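Student: here is a sequence with its predicted model. Questions after.
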Amino acid sequence: MRGPASPAWTGRARDRYICPVDPGELLDLLKRRTGFTEAHAALLRELGEVMVPIAHEVALAFYDYLGRDPELGAILHAEPGRVERLYRTFARWYGELFSGVYDRAYAERRRRIGLVHARLGIGPRAMIPAMGIVQELSLEHMRMALRGHEVYSAVEAFEKLVAMEVALIEESYLEALSLGLSLGHRDLTQALKEGASALLSRA
Ligand code: HEM
């Protein structure tokens, strides 16, 4: 089997293998792999009627959860006004989960969210549990707000979307990390931050 050092893995082909960076293509791949269809998109848009009104409440619970973690809490409070700004940006992100439109522009916004966190050194060990909290809060509300037979299909559509959200963010981390390493940073956190910073400044 060919290893990464083999000539066939060098240059553009290898970069593309590590991170298929075109967000639109990546989203199409993720839709196929999760089995996400237009019917799921339409269902999520309908669900918006009961989910979007709780966006602010989810944001409050979310940042309360993050604030209880000393390391993450310190990041949140590192700049005056940051948490207040985050309440708004998070609520907008949450509302978009139920927009029903999951296209290239949506994938590009998710890539940017990943890069913003990567630039701050907020890696998968913080993001993935945080996404778990979003799921927990959302599923609890679906269970309360929907009729029994509606819950299963709502959860199915929501979980597929969350899987795509996580993948889009994680792929942007890989993109940032591989750029940071190629720029010569040997420390992984530094490579992640610098790679993300370079990608955001190109955007
Ligand atoms: C489900 C996981 C998360 C979601 C959906 C989320 C959502 C967002 C969004 C939408 C933004 C604005 C991005 C932009 O400027 O374009 C943002 C920024 C930010 N997030 Fe998160 N976030 C998550 C996890 C976390 C975690 C775990 C932390 C840890 C402390 C965190 C801290 C921050 C900080 C510090 C910013 C920059 C705020 C600023 O100064 O403007 N986020 N987040």
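Tutor: Yep, it's here. Numbering: from 1, shown residues only.

Student: give me the secondary structure label for residue 99.
Tutor: Classification of residue 99 by DSSP: H, G, I helix; E, B strand; the rest coil places it in coil.

Student: for it, give me its contacts.
Tutor: 44, 45, 48, 106 (C-beta atoms under 8 Å, 6 or more residues apart in numbering). Bear in mind the C-beta positions are built from the backbone N, C-alpha and C, glycine included.

Student: quick check: the farthest pair among these?
Tutor: Distances among those were taken as C-beta to C-beta; the most separated pair is 48 and 106, at 14.3 Å.

Student: related to what we said a few turns ago, just give me the closest of the contacts of residue 99 to residue 24.
Tutor: Looking across those and measuring by C-beta to C-beta, the closest to residue 24 is residue 106, at 9.5 Å.

Student: pull the helix or strand in which that closest one is found out as CSV, backbone CA atoms only.
Tutor: Element membership of residue 106, judged by DSSP states H and E, is helix 104-119. Output of helix 104-119 as CSV, limited to C-alpha atoms (Å, rounded to 0.1, in the frame of the first residue of the first chain):
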residue,chain,number,x,y,z
ARG,A,104,-23.2,26.1,-1.0
ALA,A,105,-23.6,29.4,0.8
TYR,A,106,-24.8,27.5,3.9
ALA,A,107,-21.7,25.3,3.7
GLU,A,108,-19.4,28.3,3.3
ARG,A,109,-20.9,29.9,6.4
ARG,A,110,-20.3,26.7,8.4
ARG,A,111,-16.7,26.5,7.1
ARG,A,112,-16.2,30.1,8.3
ILE,A,113,-17.7,29.2,11.8
GLY,A,114,-15.2,26.4,12.0
LEU,A,115,-12.3,28.6,11.0
VAL,A,116,-13.3,31.3,13.5
HIS,A,117,-13.1,28.8,16.3
ALA,A,118,-9.9,27.2,15.0
ARG,A,119,-8.3,30.7,15.0
